[in-house]
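Visitor: return a 3D structure for these sequence lines:
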Amino acid sequence: MDIQPILALFWGILFLSLVLLVFWPQKGLFVRITNDRLNARRILLEDALKFLFDCEYKGLPCRLNALAGNLHISTDKTARLLESLRHIGLIALDRDMIKLSELGRSYALRIIRVHRIWERYLADETGTHHLDWHGQADMKEHEITLAAADLLAARMGNPVFDPHGDPIPSSAGELPDYSGKPMSEMQEGELARIAHIEDEPKAIYSQIVALGLYPGMQVYMMDVSEERLQFAANGEECILSPLLAVNITVEGIIDREPLREKYAQLSSLRVGEKAQIKGIAPACRGQQRRRLMDLGIVPGAVVEYAFPSAGGDPVAYLVMGALVGIRKSQADFIFIEPLNHQAE
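Guide: Below is the predicted model:
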């Protein structure tokens, strides 16, 4: 039996299959690779517009080197990207300065709105760790449409700030004027409120939040030097280098005394001790905050340390006549005022 025709048929079918695999409309490898490259270029373009808008919003000059550093690409690649942005009418180049056009500004605001809405969603509606909000939102901002983000915002009651203190652009692309200054510019004796904590780079952001700082907190500057800033926040003395403090934006408070009262944490109670709940730290958000409130952890409620678990964590507390288990990491967020043992 002559097998040559069979082999020829086999190789022909194999060749045709490979051609279809590579060039099949919409699903072939060639189309996928092309789409991946286009998506990567679109994401780079959108990230560039976000950075340019941030510079413009804060009144900072934006140059090629700064943009290249933010995007983590070479200056040559950045120059080609800027030329593409200029060609499609999203930016204007004035010597070494880069400015957004009206079209570019509108595009940037759409991306920023999606990003900040998604961060708000992660903070309030999920158990996502706060260090992961920005990274996940960075990916989502390029995937979901503005219409989908608007529906999500409506479901959350149309929030106006993201969890880092940044204003969320309105659906019409409106933002309040930028205000505030870096914490590094505060003077000794000055009182201010944290308006925003920059979430990039992640390593610096994690160091700042490790101090328990969050938007809305009052800070009182106690001592300023070239090496460090010493300030009071929530009754605790904190030390931060000026290099890190640049990533915190504050707004001055006039004619007000700093909050000197400091409540104890629920985790400080011992067996048999009672306390009145004064509140939950703003840093406790989303599902974790709702769970604590569902357990009766609300201002004015009386809580008693009942007994620890076998491993010491969680601890059983008596709240409103019911035993509830609360872990130490959660108890650290709950502010209390210890009660006299004889008082109810």
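
Visitor: make it CA atoms for all contacts and neighbour counts henceforth
Guide: OK.

Visitor: where along the protein do the strands fall?
Guide: Remark: strands assigned in the chain by DSSP state E are 91-94, 97-100, 181-182, 191-197, 218-224, 229-233, 236-240, 248-252, 264-265, 274-280, 302-308, 315-319, 322-326, 334-338.

Visitor: mean pLDDT added to these, as JSON lines?
Guide: Conversion of the strands of the chain to JSON lines gives the following (pLDDT from 0 to 100):
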{"stretch": "strand 91-94", "mean pLDDT": "86"}
{"stretch": "strand 97-100", "mean pLDDT": "88"}
{"stretch": "strand 181-182", "mean pLDDT": "92"}
{"stretch": "strand 191-197", "mean pLDDT": "88"}
{"stretch": "strand 218-224", "mean pLDDT": "86"}
{"stretch": "strand 229-233", "mean pLDDT": "88"}
{"stretch": "strand 236-240", "mean pLDDT": "85"}
{"stretch": "strand 248-252", "mean pLDDT": "90"}
{"stretch": "strand 264-265", "mean pLDDT": "86"}
{"stretch": "strand 274-280", "mean pLDDT": "85"}
{"stretch": "strand 302-308", "mean pLDDT": "90"}
{"stretch": "strand 315-319", "mean pLDDT": "90"}
{"stretch": "strand 322-326", "mean pLDDT": "87"}
{"stretch": "strand 334-338", "mean pLDDT": "87"}
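
Visitor: with mean neighbour count and distance to Cys55 added, can I get these in JSON lines?
Guide: Shown next, in JSON lines, are the strands of the chain (neighbours: other C-alpha atoms under 10 Å; distance: least, C-alpha to C-alpha, whole Å):
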{"stretch": "strand 91-94", "mean neighbour count": "16", "distance to Cys55": "13"}
{"stretch": "strand 97-100", "mean neighbour count": "18", "distance to Cys55": "10"}
{"stretch": "strand 181-182", "mean neighbour count": "19", "distance to Cys55": "14"}
{"stretch": "strand 191-197", "mean neighbour count": "23", "distance to Cys55": "15"}
{"stretch": "strand 218-224", "mean neighbour count": "21", "distance to Cys55": "26"}
{"stretch": "strand 229-233", "mean neighbour count": "20", "distance to Cys55": "26"}
{"stretch": "strand 236-240", "mean neighbour count": "15", "distance to Cys55": "25"}
{"stretch": "strand 248-252", "mean neighbour count": "22", "distance to Cys55": "15"}
{"stretch": "strand 264-265", "mean neighbour count": "20", "distance to Cys55": "40"}
{"stretch": "strand 274-280", "mean neighbour count": "22", "distance to Cys55": "35"}
{"stretch": "strand 302-308", "mean neighbour count": "20", "distance to Cys55": "49"}
{"stretch": "strand 315-319", "mean neighbour count": "20", "distance to Cys55": "48"}
{"stretch": "strand 322-326", "mean neighbour count": "16", "distance to Cys55": "44"}
{"stretch": "strand 334-338", "mean neighbour count": "23", "distance to Cys55": "38"}
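
Visitor: nearest to Leu175, out of those?
Guide: Among these, strand 191-197 comes nearest to Leu175, with 14.9 Å by C-alpha to C-alpha.

Visitor: note down every partner strand of that closest one and its orientation.
Guide: Strand pairing for strand 191-197, using DSSP bridges, gives strand 218-224 (antiparallel), strand 248-252 (antiparallel).

Visitor: which residues sit against it?
Guide: The contact list for strand 191-197, computed with C-alpha atoms under 8 Å, 6 or more residues apart in numbering, reads 164-166, 180, 205, 214-221, 247-254, 256-258.

Visitor: can you list the domain ranges for the chain.
Guide: The record's domain split for the chain, according to automatic domain parsing, is 1-100, 109-176, 181-252, 264-338.

Visitor: where among those domains is the average confidence lowest?
Guide: The minimum mean pLDDT among the domains of the chain belongs to domain 1-100 (a mean of 78).
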